[in-house]
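next comes the sequence, and after it the predicted model I'd like to discuss.
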Amino acid sequence: MSGRIVLTLVPLLLTRIWWEPEVALACSMAQRNEPVPESLVFVTVKVAAAAGAAHGRAARRMAAPAFIVSRRPRVWAGRGAGVNEPRGRARRRDARCRRRGRFLAQMHPASLELGTRPVGDGHPCFVLAEVASAHEGEVDRALRMLEAAFKMGADGIKFQLFRSDLLVVHRHPMRKEFDQIELSEKEWRKVLREARGSGLAVLVEAFDAPSLAVAEEEGADAYKVHTTDMENPDFIRKVAEARRPVLFATGGVPEAAVREALDLVDGPVALLHGFQTFPTPVEEIRYRELTAWKERYRVPVGFLDHTDGGSAFALVAPALALAHGANLVEKHFTLDRSEKGFDYQSSLNPEDFYRMVELLRQAERAAGDGAPADSEAARKYHRRMARNIVAGTLIPRGEVLSAPMLAFKRTDERSEPGYAPSEAHRVIGRRARRPIQADETIREEMLE
């Protein structure tokens, strides 16, 4: 046996010999399902640690009794942390994610442009009208929705382009529906050309390479990658080759896949939070994830709103997302919810969409710029409500003013203000030049 091995095993052997009785007792109690005192647990852990120092991680687990091994919180391998992940490991994992986010932030700008509109912190929230399948396979309906989107106050419109034979298998339960709503290449070119002349930013969510090529040829302003393609690196590379901003949908996607997708694009990107369950319950919105995505990756974030289009909450959901840092809001709409057509569950009527946009813009104005309030309205309010030093009783001419003679009250805003309560020291101890009536505002010219 080499000297190095002997020197390595000596601490283990000495530790086991010294603490053998305590370790044996602890193991015996554990086998009888009896509670093991903390002092014995400490001793056994010490022996296991010595074994680990001698033989590495595998030897540590072999040396540690079963009840010690079972006390270790389970760490789930793979994507994401387990519910019982040790705090230290979780902190290290989060730190790695933050470092990774800072690295990716150096690759991607903190803002982007959709059409002529900048999107990011410091810019108005971008409102994206989502057509999805609501055109029901009719070109005329798609064009009417384009016109409605402009009137609703949206900043952009998004279409989903696909070929059903490249999207689902022949026996897929939704194949007939996809065949029904699929528009031909010629029809899509007509719609996209009209959209390009509408003044709205045109975004395309393509589901296959031929559809992506059509969108690129017709000059789409940006592309969205659906959640189902977030683990399709070849397709993401094709999208990146268009050299347009790319919006990634993160709903239900493992964070490792999100990072890999970001690695594949070296231009402007955004992360979109939300998913569709026709409609999505409010409990599943999780607004705080918007803040987490933004802090971690330092790119614009958006909210994919799939709440019930018939609920009152649907009108304010985007405004709440704005308060959590959303730079973009996407919302489905339809020409008539009462028809219960495709995707109607989370869609708004044009009138409600317009109200939703108005509430969002009001929320933006209410947010302010973060600086201390110094508006004219605030100053007028303060002037009207501020207290002044007034005479608490009749003060004769020549009388020396003392604190009991004074009162602090609101005065008529039409009259000139006097001293503020904080300036009482400038009044007390001075003589009155003339009689001062009770409730009369005390001013400099009244005092000697």
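Noted; the coordinates are in hand.

quick one, phi/psi of the one residue sitting closest to the centre of the chain?
In the chain, the C-alpha nearest the mean C-alpha coordinate belongs to residue 290, at 0.9 Å (C-alpha atoms, centre = their mean). The phi and psi torsions at residue 290 (degrees, to the nearest 10) take the values phi -60, psi -50.

for it, give me its contacts.
Residue 290 makes contact with 273, 301, 303, 321, 324-326, according to C-beta atoms under 8 Å, 6 or more residues apart in numbering. C-beta: built from backbone N, CA, C; applies to glycine.

redo the residues you listed as a markdown table? Include neighbour count, pLDDT and secondary structure.
Formatted as a markdown table, these follow (neighbours: other C-beta atoms under 10 Å; pLDDT from 0 to 100; DSSP: H, G, I helix; E, B strand; the rest coil):
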| residue | neighbour count | pLDDT | secondary structure |
| --- | --- | --- | --- |
| 273 | 24 | 97 | strand |
| 301 | 28 | 98 | strand |
| 303 | 27 | 98 | strand |
| 321 | 26 | 97 | helix |
| 324 | 18 | 96 | coil |
| 325 | 18 | 96 | coil |
| 326 | 28 | 97 | coil |
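
I'd like those laid out as JSON lines, including distance to residue 248.
JSON lines is the format used below for the contacts of residue 290 (distance: C-beta to C-beta, whole Å):
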{"residue": "273", "distance to residue 248": "10"}
{"residue": "301", "distance to residue 248": "10"}
{"residue": "303", "distance to residue 248": "14"}
{"residue": "321", "distance to residue 248": "17"}
{"residue": "324", "distance to residue 248": "18"}
{"residue": "325", "distance to residue 248": "16"}
{"residue": "326", "distance to residue 248": "15"}
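
just the helices in the stretch 201-350 of the chain please.
Under the criterion DSSP state H, counting those that start in this stretch, the stretch 201-350 of the chain contains helices at 209-217, 233-240, 255-263, 288-297, 313-323, 350-367.

any idea how far the shortest one is from the chain center?
Taking the mean C-alpha point of helix 233-240 and that of its whole chain, the gap between them comes to 25 Å (C-alpha atoms, centre = their mean, to the nearest Å).

give me the contacts around it.
Contacts of helix 233-240 (C-beta under 8 Å, 6+ apart): 206, 209, 212, 223, 225, 229-230, 246, 260-261, 264-267.

can you list those in CSV and add pLDDT?
Output for the contacts of helix 233-240, formatted as CSV (pLDDT from 0 to 100):
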residue, pLDDT
206, 98
209, 97
212, 98
223, 98
225, 97
229, 96
230, 96
246, 98
260, 95
261, 96
264, 96
265, 95
266, 90
267, 93
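
in strands only, show me these.
Counted as lying in strands by DSSP state E, out of the contacts of helix 233-240, are 206, 223, 225, 246.

relative to residue 242, how far out is residue 267?
To residue 242, residue 267 is 9 Å away according to C-beta to C-beta, to the nearest Å.

what ranges of the stretch 151-300 of the chain fall below the confidence cut-off?
In the prediction, the stretch 151-300 of the chain carries no residues with pLDDT under 70.

could you rerun that using 90?
275-278 (pLDDT under 90).

sorry, back to before: what about residue 267 and residue 242, which has more around it?
With neighbours defined as other C-beta atoms under 10 Å, residue 267 and residue 242 compare such that residue 242 has more, 18 against 14.

contact partners for the more buried one?
Counted by C-beta under 8 Å, 6+ apart, residue 242 has contacts 212, 216, 220, 223.

gap between the residue nearest to the second one when sequence neighbours are not counted and residue 235?
Distances taken as C-beta to C-beta, 6 or more residues apart in numbering put residue 242 closest to residue 216, at 5.0 Å, once the chain neighbours are dropped. When C-beta to C-beta is the yardstick, residue 242 and residue 235 sit 12 Å from each other.

likewise residue 172?
If you go by C-beta to C-beta, the gap between residue 172 and residue 235 works out to 19 Å.

look at those two and report which has more neighbours.
Counted by other C-beta under 10 Å, residue 172 and residue 235 do not tie: residue 235 has more neighbours, with 19 against 12.

how close does the more buried one get to residue 165?
16 Å.

host element of residue 409?
strand 406-410 (DSSP states H and E).

CA atoms of stretch 181-190 as PDB?
Output of stretch 181-190 as PDB, limited to C-alpha atoms (Å, rounded to 0.1, in the frame of the first residue of the first chain):
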ATOM      1  CA  ILE A 181     -59.000  27.300 -41.000                       C
ATOM      2  CA  GLU A 182     -55.800  27.000 -43.200                       C
ATOM      3  CA  LEU A 183     -55.400  29.800 -45.700                       C
ATOM      4  CA  SER A 184     -53.500  29.200 -48.900                       C
ATOM      5  CA  GLU A 185     -50.200  30.900 -49.700                       C
ATOM      6  CA  LYS A 186     -51.900  33.200 -52.100                       C
ATOM      7  CA  GLU A 187     -54.500  34.200 -49.500                       C
ATOM      8  CA  TRP A 188     -51.800  34.800 -46.900                       C
ATOM      9  CA  ARG A 189     -49.800  37.000 -49.200                       C
ATOM     10  CA  LYS A 190     -52.900  39.100 -49.800                       C
END
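
how far off centre is it?
35 Å.

now do that stretch: everything it contacts.
133, 135-137, 139, 142, 159, 161-164, 191, 210-211, 214, 217-218, 342.

one more: stretch 388-397?
So stretch 388-397 is contacted by 401, 404-411, 417-421, 423-424, 427, 432-442 (C-beta under 8 Å, 6+ apart).
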